[in-house]
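Undergrad: Let me see the structure of the following:
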Amino acid sequence: MIPIANPQVGEEEHEGVERVLESGQLADGEEVRRFEDEFAGFCGADHGVATTNGTTALHAAFEALGVGGGDAVVTTPFSFVASANAIRLAGAEPVFADVDPTTFTLDPREVERVVRERDDVAAILAVHLYGLPAEMDRLREIADEHDLALVEDAAQAHGAEYDRRRVGTLGDAACFSFYPTKNMTTGEGGMVTTDRADLADRVARFADHGRVSGYEHAEVGHNFRMTSLCAAIGRAQLPKLVDWTIARRGNAAYLSKRLDDAGVVTPHEPPGSRHVYHQYTVRSDDRDGLRDHLEDAGVGTGVYYPTPIHRQPAYGGVDADCPVAERAAEQVLSLPVHPGLSTDDLRRVADAVEAYAPETNAEVAAETGRKSA
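TA: Numbers count the residues shown, from 1 in each chain. Below is the predicted model of the structure:
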């Protein structure tokens, strides 16, 4: 079976972990500070604060921004549930705006509509889904016009670019995940990047029990601290990220060329954006049939995500008008695109999709305005 994900771990990661083990500084320490500086520098941000995972990065960012009880945060319902959970964990309430059918990211027109309808919105959370940046220029304009914070959920978008700027520098704060299936990993881990020193200080304080020095705690916080073991893995992974991204983009280009007439709608990369293809996600009216066919052909796939967040039981009673997201959840299917694929693997993936040619994809083609066979 060709896996949908295949974390790349080499000698450098092993050597980094051994170095930390030998140092005896296993928890938070200098190794983490170095990883924070190196990852922030990679993004082009002034500050980085490491956390235990992407969810805690989001939670800490909202706490640091002062977003909490009585506040609403506009975000997408077409994301991993952690995007919305972090808002609730901070005490605020997510409100959902629909997505663009060609990019799966927040539709700024829908965001503006929601913002104008409410008087309690404090922030916008833009998710760079599958590795493609959201339309940040327009979202920034909306945030500035209404005096809102703008936060990037960049959990899937390490190294992606918008208007020649890397994600992690496009909002007041950006939040990354280093889960094993992400474009780079620390095992588990997260990071908040920002250009604001005051915000970085508040994130770091909240992630360390509100500590200001020794055993002096200015406020209630959590233990969201990354371990030095995780940071060592991240420091070994980061220098490889550019080459891995080139490989992902090359794999995506091959698949898009081969699948141009294969009965699916392939991913769209808008001008000015640089997709890093955390996922290579096609749309099909017969998604489940295609998925079963690919499994029989030995090709692993993933459905990210089959249920919009506002349809999850945990969000029962939440009112949202998001028909585009709901249709996308019924039609998306992610194919292997990771840098561990061989030329033969890619050929097998494309051959298998081509061999399954549903006669029509009329619904998808009509909504996206893009060709399908």
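Undergrad: which residues touch Gly69?
TA: Residues in contact with Gly69, defined by Cβ atoms under 8 Å, 6 or more residues apart in numbering, are 91-92. C-beta: built from backbone N, CA, C; applies to glycine.
Undergrad: Show residues contacting the longest helix seen in the chain.
TA: Among the segments of the chain that qualify as a helix by DSSP state H, the longest is helix 241-258. With Cβ under 8 Å, 6+ apart as the test, helix 241-258 has contacts from 8, 42, 131, 158-159, 183-184, 266-267, 275-278, 280, 335, 337-339, 341, 346, 349-350, 353-354.
Undergrad: Got the confidence number for Val364?
TA: The model reports Val364 with a pLDDT of 65.
Undergrad: Okay, buried residues for stretch 307-323 please.
TA: Within stretch 307-323, the residues scored as buried using 16 or more other Cβ atoms under 10 Å are 307-311, 315, 318, 320, 322.
Undergrad: Revised request: answer the last question for stretch 159-169.
TA: 159-162, 166-169.
Undergrad: Between the residues you listed, which sits nearest Phe62?
TA: Gly168 (16.8 Å; Cβ to Cβ).
Undergrad: Contacts only, for the residue nearest to that closest one when sequence neighbours are not counted.
TA: Take Gly168 and drop its neighbours on the chain: the residue closest to it by Cβ to Cβ, 6 or more residues apart in numbering is Cys43, 3.2 Å away. Contacts for Cys43 (Cβ under 8 Å, 6+ apart) come out as 166-169, 174, 193.
Undergrad: Kindly indicate which of these lies nearest Val73.
TA: Nearest to Val73 among those, with distances taken as Cβ to Cβ, is Ala174, at 15.0 Å.
Undergrad: Quick one: mean pLDDT for stretch 5-18?
TA: Stretch 5-18 shows a mean pLDDT of 97 in the predicted model.
Undergrad: Pull out the buried residues from it.
TA: Buried residues in stretch 5-18, counting neighbours by 16+ other Cβ under 10 Å, are found at 5, 7-8, 13, 16-17.
Undergrad: So which elements touch the helix or strand hosting Asp198?
TA: Per DSSP states H and E, Asp198 falls inside helix 197-206. The contact analysis (3 or more Cβ pairs under 8 Å, 6 or more residues apart in numbering; DSSP states H and E) places helix 197-206 against strand 47-51, helix 54-65, strand 190-194.
Undergrad: Can you tell me which of these is packed in deepest?
TA: Highest mean neighbour count of the helices and strands packed on helix 197-206: strand 190-194, a mean of 31 (counted as mean count of other Cβ atoms under 10 Å).
Undergrad: and the angle from it to helix 197-206?
TA: 160 degrees (axes from the mean of the first three to the mean of the last three Cα atoms, to 10 degrees).
Undergrad: what are the pairing partners of strand 190-194, and which direction each?
TA: Strand 190-194 sits in its sheet next to strand 47-51 (antiparallel), strand 173-177 (antiparallel), going by DSSP bridges.
Undergrad: Now do it: distance to the chain's middle.
TA: Counting by Cα atoms, centre = their mean, to the nearest Å, strand 190-194 is centred 13 Å from the centre of its parent chain.
Undergrad: which residue sits closest to Tyr108 in space, ignoring its chain neighbours?
TA: Quick fix: residue 108 is Pro, not Tyr. Arg138 (3.9 Å).
Undergrad: Which single one of the buried residues of stretch 307-323 is nearest to Asp296?
TA: Thr307 (24.8 Å).
Undergrad: The closest one and Thr76, how far apart?
TA: Applying Cβ to Cβ, to the nearest Å, the value for Thr307 to Thr76 is 13 Å.
Undergrad: thinking again about what came up before, go through the strand or helix carrying the residue nearest to Pro108 and flag the buried ones.
TA: Using DSSP H and E, Arg138 maps to helix 136-145. When burial is assessed from 16+ other Cβ under 10 Å, helix 136-145 yields the following buried residues: 136, 139-140, 142-143.
Undergrad: Could you work out the end-to-end span of stretch 102-122 for me?
TA: Stretch 102-122 stretches 27 Å from its first residue to its last (Cα to Cα, to the nearest Å).
Undergrad: Buried by neighbour count: which residues of it qualify?
TA: Buried residues in stretch 102-122, counted by 16+ other Cβ under 10 Å: 102-108, 110-112, 114-115, 121-122.
Undergrad: Tell me where the chain has helices.
TA: Ranges of helices in the chain, per DSSP H, are 11-23, 30-43, 54-65, 82-89, 108-117, 136-145, 197-206, 228-237, 241-258, 287-296, 323-331, 343-355, 362-368.
Undergrad: okay, the angle between the second one and helix 197-206?
TA: When you say that, I think you mean helix 30-43. 140 degrees.
Undergrad: Show me how far helix 30-43 is from its chain's centre.
TA: Distance, centroid of helix 30-43 to centroid of chain: 19 Å (Cα atoms, centre = their mean).
Undergrad: Having no further points to raise, I will conclude here.
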